[in-house]
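1. Sequence below, structure please.
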Amino acid sequence: MNERIAIIDGLRSPVAKANGKLNHVQTDNLGAIIAKELVLRNNIPYDDFDEVIIGNVAQPANAANIARVLTMRAGFPKKTIAYTVHRNCASGMQALSSSIEKIYTNQGEIYLAGGVESMSNIPLLFSNQFKDFMTKFTYAKTASEKLKLLTTFRLSFLKPTIGLISGLTDPISGKIMGITAENLANEFKISRQAQDEYALQSHIKAQKAIESGILKDEIHPIMTKDSSIMDDDGIRFNQTIEALSKLKPIFDRTGTVTAGNSSQVSDGACMMILCSESKAKELGLEPIGYIKDYAYAGLDAHRMGLGPIFATKKLFDKTGTRLKDIDLIELNEAFAAQVIANLEAFKSKSFCKKEFNAEPLGEINEEILNVNGGAIAIGHPVGMSGARIVLHTIKELKRRGKKTGLATLCVGGGQGASFLVEV
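-> Now for the predicted structure:
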C-alpha cells in the first residue's frame, strides 16, 4: 500500500454470551446501534460517507444484505450504498480491506466498515424430509391428496438441523472446527494441561482489563427493554485451573479440546471509520491509528488454525516487516491449541522450511500477545472478531505508547488474515 489508511475512530459493543443478554437483539439492530453511536461521536455528517461495508457470517433471512439494513436503521440517508461481505472469521477484516480497495481505486473517500454477529439468532433448520413434505402438501390440489400425504409424515421429519453446528463445520474437510484444533494439538504435541493453562491466562488478563476499566473507550453499552450490558460478560472471574481441568473434551472423547479452552459462542458488533491518511489531514481529523497493510493466505482446511502464520509470513514478505518490529500482537483465540500451535510454528525451523522454504519468523514474546485476554475469555462473534482485534490492537498501542501492531486470525475453511497497524 502506497499510503496508510487512517482509522478515524472505532467502537464496539460488549461481547455477550450467546443466548444471554443480547439474545433478543437482532443482528441488524445490534450493528445499527454501534454504527449510529460511532458516527454521532465523531460529528461526521452521514452524507460524507461514500459507502458502508459490513462483515457478517450467519446472514439473517429477515435482513438480506444486512449492511444496507443496519445502515438505514442507523440513520444514514437513503442514497447511502452498502453491502455485506463474508470471509468466515475474517469477515470484519474483509469489510476493512474491501473499504481500503475502494479508497485506493478512487471509488470513495470515507467509509464505515466493521463486523457484526448474533450467534444467538442463528436458526434451527427444518430437515429436507420435512421441507419436501411441506412442499408436496402445499401443492396438493385435493383433500384426498393431502390425506394421502399425511400418511407419509413421520415425527423424525421434525428433527432440526442446528444452524450453528452446520455453519461451524467445514464442508471441504468435513470437520467441525474443534476437530481442526485437535489436529493441531496432535501435530504439535500440545498437552491438555498446556491448553488449560493458556485458557486460564486469557481469563485472568481479561478480568484485569475489565476491572481496570481500560476497555471503556472502545465499548458502547447496549441497553434494551429486557436487559443491559456494559462489559464483555463471557469472562469467568476468578477462573481456576482446577475448574478447567474438570471439563470433558467436546469434539473427540479421547481428545484435549474442551469448552473451557475454546472460544465462546457470542454476540457482538464493531465498527470503524476509514479514509486515506491524506484525506484525514485535509479534513483536520485526528486518527486513532493506521492500517499499513494486510494479507490473506490459504492453507489446508484440516489445519485451518495455522492461518495466522501463513498470512503473517505473506504480510511480512510483502512489507519487509520482521517479528522484532512488532510491539503488540492480537492473535484471535479460536482455540488454545490453535494459538499454541502458531507460537510453535513461528519459531520452528522445520515447519518454516517445509511450508515456506524459509527461516523461522521468530519466537513470539508472549508478554506482548493478547495482553488483555482473547476470545477464550471474551468470546468470538465470528463476523465481528476480525474488526475487534484490529480496533483493540490500535487502542492498546496508544495506551502503551507503542507504534506497531499485528492483528491476525485463522479462518474456518483454511485461510488466515493478518493486518499490520500503526499509531
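2. What about residue 110, how many residues nearby?
-> Close neighbours of residue 110, defined as other CB atoms under 10 Å, add up to 22. C-beta here means a position set from N, CA and C on the backbone, and glycine is covered the same way.
3. all helices of the stretch 301-423 of the chain, in order?
-> Chain-ordered helices for the stretch 301-423 of the chain, with DSSP state H, counting those that start in this stretch as the definition, fall at 307-319, 336-347, 349-356, 375-378, 385-400.
4. what pLDDT, on average, does the second one get?
-> The average pLDDT within helix 336-347 is 98.
5. quick thing: my sequence starts at 528, can you match it?
-> Understood, numbering begins at 528; the last thing we discussed is helix 863-874.
6. Can you name the residues in contact with that helix?
-> 707-709, 711-712, 714-715, 717, 721-723, 725-726, 729, 783-784, 788-789, 832-833, 835-836, 839, 850, 858, 860, 878-879, 887-891, 893, 896-897, 901, 903, 937 (CB atoms under 8 Å, 6 or more residues apart in numbering).
7. Just the buried ones out of the residues you listed, please.
-> The neighbour-count test (16 or more other CB atoms under 10 Å) applied to the contacts of helix 863-874 identifies 707-709, 711-712, 714-715, 717, 721-723, 725-726, 729, 783-784, 788-789, 832-833, 835-836, 839, 850, 858, 860, 878-879, 887-888, 891, 896-897, 901, 903, 937 as buried.
8. re earlier: so which of the contacts of helix 863-874 belong to strands?
-> Here DSSP state E is the test, and those give 858, 937 as lying in strands.
9. Return the most buried member of the helices of the stretch 828-950 of the chain.
-> Of all the helices of the stretch 828-950 of the chain, helix 902-905 carries the top mean neighbour count, a mean of 31, counting by mean count of other CB atoms under 10 Å.
10. Now do that one: everything it contacts.
-> Applying CB under 8 Å, 6+ apart, the contact partners of helix 902-905 are 542, 725-726, 729-730, 732-734, 759, 761-763, 787-791, 793, 859-863, 912.
11. Any idea how far that helix is from the middle of the chain?
-> Taking CA atoms, centre = their mean, to the nearest Å, one finds the center of helix 902-905 at 11 Å from the center of the full chain.
12. which regions of the stretch 828-950 of the chain lie under the pLDDT threshold?
-> Across the stretch 828-950 of the chain, nothing is flagged by pLDDT under 70.
13. Give the residue spans of the chain that score low on pLDDT.
-> Applying pLDDT under 70 to the chain flags residues 528.
14. what about the strands in it?
-> 532-539, 543-544, 578-582, 608-612, 638-645, 651-652, 688-689, 749-750, 755-756, 793-803, 816-825, 855-858, 931-938, 942-949.
15. helices or strands next to the fifth one in the packing?
-> Contact analysis of strand 638-645 by 3 or more CB pairs under 8 Å, 6 or more residues apart in numbering; DSSP states H and E lists helix 554-569, strand 578-582, helix 593-600, helix 618-631, strand 793-803, helix 912-927 as its packing neighbours.
16. Apply 7 Å and report the result again.
-> Under the contact definition 3 or more CB pairs under 7 Å, 6 or more residues apart in numbering; DSSP states H and E, strand 638-645 sits against helix 554-569, strand 578-582, helix 618-631, strand 793-803, helix 912-927.
17. before we move on, what about the longest one?
-> Packed against strand 793-803 by the contact rule (3+ CB pairs under 7 Å, 6+ apart) you find strand 532-539, strand 543-544, helix 554-569, helix 618-631, strand 638-645, helix 912-927.
18. hmm, back to that, select, out of the strands of the chain, the one closest to residue 564.
-> The stretch from those with the least distance to residue 564 (CB to CB) is strand 532-539; that distance is 6.1 Å.
19. Return the set of buried residues in stretch 675-689.
-> Taking 16+ other CB under 10 Å as the neighbour-count basis, stretch 675-689 is seen to contain the buried residues residue 684.
20. Ends of that stretch, what's the gap?
-> Taking CA to CA, to the nearest Å, the first and last residues of stretch 675-689 lie 30 Å apart.
21. just stretch 855-865 next, same as before
-> Stretch 855-865 has an end-to-end distance of 19 Å (criterion: CA to CA).
22. Would you confirm that residue 751 contacts residue 552?
-> Yes. With contacts defined as CB atoms under 7 Å, residue 751 counts as touching residue 552 at a distance of 6.0 Å.
23. Show me which of the two is the more surrounded one.
-> Residue environment comparison for residue 751 versus residue 552 gives the larger neighbour count to residue 552, 23 against 15, counting by other CB under 10 Å.
24. about what we covered before: would you mind finding the most buried of the strands of the chain?
-> Ranked by average neighbour count under the criterion mean count of other CB under 10 Å, these are headed by strand 638-645 at a mean of 32.
25. what's residue 894 in contact with, if anything?
-> With contacts defined as CB atoms under 7 Å, 6 or more residues apart in numbering, residue 894 has no neighbours.
26. picking up where we left off before, Throw the strands of the chain into a markdown table and include distance to residue 870, thanks.
-> As requested, these are exported to a markdown table (distance: least, CB to CB, whole Å):
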| stretch | distance to residue 870 |
| --- | --- |
| strand 532-539 | 26 |
| strand 543-544 | 27 |
| strand 578-582 | 27 |
| strand 608-612 | 30 |
| strand 638-645 | 26 |
| strand 651-652 | 38 |
| strand 688-689 | 32 |
| strand 749-750 | 34 |
| strand 755-756 | 32 |
| strand 793-803 | 24 |
| strand 816-825 | 18 |
| strand 855-858 | 9 |
| strand 931-938 | 12 |
| strand 942-949 | 15 |
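27. Now distance to residue 806 too, for the helices and strands packed on strand 793-803, in a markdown table please.
-> Conversion of the helices and strands packed on strand 793-803 to a markdown table gives the following (distance: least, CB to CB, whole Å):
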| stretch | distance to residue 806 |
| --- | --- |
| strand 532-539 | 7 |
| strand 543-544 | 35 |
| helix 554-569 | 14 |
| helix 618-631 | 8 |
| strand 638-645 | 11 |
| helix 912-927 | 18 |
